[in-house]
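Colleague: coordinates only, no sequence provided:
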């Protein structure tokens, strides 16, 4: 029965590889939707059938690398979310990219992306997991750069690829250190390792997860990645690449030294609050949603910081539902309003498309944390875990989570008002059937995902009435700030709310500029060092030095040939004596 675990990864991988050779759109559509749908069925079955058969890839004597898959119930829930979102994104893309001549390779790349994330979810060997980790990064580059003629797309794709690769250097080194110290790369068999090695390896792995999940200070790649098609944004933000870092950290929590958890808490706190402020200042729909993703993934890292792995996964599932819904609904909003997504122009009336209106409303309400939607229960679980932890890390992420909840209500309320209050044309327009089917499914999932709290395979803290009241108060506070500013006509431009810092927040608190300047200076320094190495060592020492040595040797040789007969005789006698001494010495030694 473990074959279902292999089929979970193999189906979308095979469809993706085959799709690269397909030219007919009809075949590509069937493969695009059918492969992740089949993976969805396999994910459900694999969660109840135990580990798959493992195969040895390499045996180094003291340690082996194995192709091993295991889908326990918690991982099965994440696999179901990944496969379901991928299926709906593919279905949505059939209509969204109906006139795109590059739809066929796009569909294949999405399937490869899905397979890579499913491999990360199911892999029980860290080196095997690295394959999916790196394939996912390569596919993200191709998908973000899909609109090759869009001026910002190639640069955004390159930035995403380079920043995540920068973090992956630490991830790979950390995996190698951890596996060598533990004597195995099997995640389920990682035992006790030395405190120094555990600290070094986990900090390096954390750095890689920060890059993949766009957390502080490597968050700069995610907002520009909105240059890709809207379905790609939904896929990256909902249940795949951005969530991968948080997921891997939950898998490795047993190895984490407890004294290092405050590091994760600081990363989560800065990200939650900072990204929330940036989301409030964003000037376009997808920009608000992009920064909200950075902030919401910070809640997952906050749960990791208090060693609450199942709580982090619960918020991952909740976030996957409402964020996929929000991005796909935003794509329809932008298409209906016929704009590029700027908040100053992207407006529609609720009556123009009731499905889109309710999709955005329910998605934003879940992200804010209004009961009984899933976002309310998952955020309450995160704050509850931090409250119960009783550690310095718990205190940090608890109060940062409260502030982030206020900011979430503020930017979500502002986005809703800008989109639907006194919107655009009144004529009723409907979304195409594939898009509508995806929205209806995600709408139902967002409304019911809270049931995981009571019936799911995850162990999360019990409900706290005082924390529920605190969350609702924070939400009301954020909504009040935006509602009051809107009433006073200030929400259309947040200058009065954020003051002179508005442009700094809109620009991501200078993170992008800092990263660009740092990369430029590093490149200049590396170029200067390479130039000095070439000029001083290669040119002067190797090329010019050998030339000078050859000339000097030639001159000395020429001088010896100009000595006359007496000199030649002396050299001949000296050489003969030298050879005789050497011959006698060798004979005696023998």
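Modeller: Nice, I can see it. These numbers come from a predicted model, not from an experiment.

Colleague: residues touching residue 395, list them.
Modeller: residue 386 (CB atoms under 8 Å, 6 or more residues apart in numbering). (C-beta placed from N, C-alpha, C; glycine too.)

Colleague: what strand or helix carries it?
Modeller: Using DSSP states H and E, residue 395 maps to helix 392-420.

Colleague: taking the mean pLDDT, what do you get for that helix?
Modeller: Averaging pLDDT along helix 392-420 gives 91.

Colleague: now do the helix or strand following it: everything it contacts.
Modeller: Counting by DSSP H and E, the next helix or strand C-terminal to helix 392-420 is helix 433-448. Helix 433-448 is contacted from outside by 84, 88-89, 91-92, 94-96, 321-322, 324-325, 328-329, 331-332, 355-356, 358-359, 362-363, 366, 373-374, 430-431, using CB under 8 Å, 6+ apart.

Colleague: quick one, which of these are buried?
Modeller: 84, 88-89, 91-92, 94-96, 321-322, 324-325, 328-329, 331-332, 355-356, 359, 362-363, 366, 373-374, 431 (16 or more other CB atoms under 10 Å).

Colleague: which parts of stretch 73-90 are buried?
Modeller: Applying 16+ other CB under 10 Å to stretch 73-90 flags 74-90 as buried.

Colleague: do the same with stretch 368-387
Modeller: For stretch 368-387, burial by neighbour count (16+ other CB under 10 Å) applies to 368-371, 373-387.

Colleague: what about that stretch, distance to the chain center?
Modeller: On the basis of CA atoms, centre = their mean, to the nearest Å, stretch 368-387 sits 23 Å off its chain's mean C-alpha point.

Colleague: ok, now stretch 186-197?
Modeller: 25 Å.

Colleague: list the buried residues in stretch 127-147.
Modeller: Neighbour counts over stretch 127-147 (16+ other CB under 10 Å) mark 127-137, 139-147 as buried.

Colleague: in helices only, show me those.
Modeller: 127-137, 139-144 (DSSP state H).

Colleague: out of the buried residues of stretch 368-387, list just those in helices.
Modeller: 368, 374-387.

Colleague: which of the residues you listed sits closest to residue 25?
Modeller: Of all these, residue 25 sits closest to residue 374, with 35.6 Å by CB to CB.

Colleague: and that closest one, how far is that from residue 365?
Modeller: According to CB to CB, to the nearest Å, residue 374 and residue 365 sit 10 Å apart.

Colleague: same question, residue 294
Modeller: Per CB to CB, residue 294 is found 20 Å from residue 365.

Colleague: do residue 83 as well
Modeller: Distance of residue 83 to residue 365, given as CB to CB: 26 Å.

Colleague: residue 286 is in contact with residue 231, isn't it?
Modeller: No: taking contacts as CB atoms under 8 Å, residue 286 lies outside contact range of residue 231: 12.0 Å.

Colleague: between these two, who's got more neighbours?
Modeller: residue 231 (28 against 24; other CB atoms under 10 Å).

Colleague: quick check: angle from the host helix or strand of the more buried one to helix 433-448?
Modeller: Element membership of residue 231, judged by DSSP H and E, is helix 230-238. Helix 230-238 and helix 433-448 are oriented at 20 degrees to each other (axes from the mean of the first three to the mean of the last three CA atoms, to 10 degrees).

Colleague: what about the following helix or strand past helix 230-238, average pLDDT?
Modeller: The helix or strand immediately downstream of helix 230-238 is helix 241-251, counting by DSSP H and E. Averaging pLDDT along helix 241-251 gives 92.

Colleague: now helix 241-251 against helix 126-144, angle please.
Modeller: Angular relation of helix 241-251 and helix 126-144 on a 0 to 180 degree scale: 160 degrees, by the same axes, to 10 degrees.

Colleague: what is the helix or strand just after helix 241-251 packed up against?
Modeller: Counting by DSSP H and E, the next helix or strand C-terminal to helix 241-251 is helix 261-281. Helix 261-281 sits against helix 195-212, helix 285-305, helix 392-420, helix 495-498, helix 502-506, with contacts defined as 3 or more CB pairs under 8 Å, 6 or more residues apart in numbering; DSSP states H and E.

Colleague: got the buried residues for the third one?
Modeller: Buried residues in helix 392-420, counting neighbours by 16+ other CB under 10 Å, are found at 393-398, 400-420.

Colleague: can you list the low-confidence ranges for the stretch 451-590 of the chain?
Modeller: 488-519, 523, 539, 541-542, 544, 556, 559-566, 590 (pLDDT under 70).

Colleague: how about the helices in it?
Modeller: In the stretch 451-590 of the chain, the helices defined using DSSP state H, counting those that start in this stretch lie at 452-455, 465-487, 495-498, 502-506, 511-532, 545-560, 564-589.
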